[in-house]
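Trainee: pasted the sequence and its predicted model underneath.
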Amino acid sequence: MAANEDQEMELEALRSIYEGDDSFKELGPTVFQYRVGDVGDSKAFLFEISWPETYPETAPNISMNAFFNNQISPPVKQGITNKLQEQAEANLGTAMTYTLFEYAKDNKDEFMEHHQPFNNSIMLAGSDGALEPTNLTLSSKKKDKKEQLTKAQKRKLADKTDHKGELPRGWNWVDVIKHLAKTGTNEEE
């Protein structure tokens, strides 16, 4: 029963340390996730720690299988898991979840040094059966930014347009009679 008491104490400590921290998530009383790096960071990763019944006498289970990590290659994931597992083995018998979270934060750059951003090339079999890389371009439709109008500009535009938002027919026509009168041309003479 001593292991359960240790787990309860560590659980309370983790809750108080990471209260309000968006990177920490408690999935259950013995399962935790921690995100290292910001959400938009290409070198960010998330790992999960679950305590077996005999924790901390035995090492926790460490997983990198979260969907958040889908841009990370399997060898890099395995490397991170191995280094965290080594750290866990070195801390057997003590509450180590906080230590593992901090170790991952401190070594993020080292863990991700071999990480390559997701490559969208796919190996396709050529006519001879050999695999050849084929680069696929993913089209990303960017929305064109609309011109920002002030309230006065919007009001003025609304006064000029009909219910469909269109300007009335002939809005840019020139009044020939007024135009001729301004230029002083009189063709009747």
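Mentor: Perfect, I can see it now.
Trainee: start to end distance for stretch 64-73?
Mentor: With CA to CA, to the nearest Å applied, stretch 64-73 spans 11 Å between its terminal residues.
Trainee: buried ones in that stretch?
Mentor: Met64, Asn69, Ile72 (16 or more other CB atoms under 10 Å). Backbone N, C-alpha and C define where each C-beta goes, glycine included.
Trainee: flag the least confident of those.
Mentor: Scanning the buried residues of stretch 64-73 for pLDDT, the smallest score is found at Asn69, 81.
Trainee: please work out how many residues are found near the closest residue to it other than its chain neighbours.
Mentor: Once flanking residues are discounted, Asn69 sits nearest to Phe45: 5.4 Å by CB to CB, 6 or more residues apart in numbering. When neighbours are counted by other CB atoms under 10 Å, Phe45 registers 23.
Trainee: again, but for the one 10 residues further on
Mentor: Counted with other CB under 10 Å, the burial measure for Tyr55 works out to 23 neighbours.
Trainee: circling back to that earlier point, so the residue nearest to Asn69 makes contact with Asn70?
Mentor: No: counting by CB atoms under 8 Å, Phe45 stays clear of Asn70, with 10.6 Å between them.
Trainee: other residues contacting the strand or helix carrying Leu46?
Mentor: Per DSSP states H and E: Leu46 is located in strand 45-50. Applying CB atoms under 8 Å, 6 or more residues apart in numbering, the contact partners of strand 45-50 are 27, 30-37, 60-66, 68-69, 72, 77, 80-81, 84, 97, 100, 104, 108, 111-112.
Trainee: any low-confidence regions in the chain?
Mentor: The model of the chain has pLDDT under 70 over residues 1-3, 115-146, 185-189.
Trainee: strands along that one, start to end?
Mentor: Secondary structure of the chain (DSSP state E): strands at 24-28, 31-36, 45-50, 61-63, 121-125, 131-135.
Trainee: and the residue nearest to Asn69, how far from Asp175?
Mentor: Distance, Phe45 to Asp175, by CB to CB, to the nearest Å: 70 Å.
Trainee: got it, and Pro74?
Mentor: Pro74 is 75 Å from Asp175, by CB to CB.
Trainee: doesn't Asp159 make contact with Trp171?
Mentor: No: counting by CB under 8 Å, Asp159 is not a contact partner of Trp171; they are 11.8 Å apart.
Trainee: still on that earlier bit, would you list the buried residues of stretch 64-73 in JSON lines and tack on distance to Pro52?
Mentor: Below are the buried residues of stretch 64-73 laid out as JSON lines (distance: CB to CB, whole Å):
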{"residue": "Met64", "distance to Pro52": "18"}
{"residue": "Asn69", "distance to Pro52": "22"}
{"residue": "Ile72", "distance to Pro52": "25"}
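Trainee: straight-line length of stretch 65-84, end to end?
Mentor: End to end - CA to CA - stretch 65-84 spans 14 Å.
Trainee: quick one: contacts of it?
Mentor: 33, 35, 42, 44-48, 62-64, 100, 103-104, 107, 111-112, 114-118.
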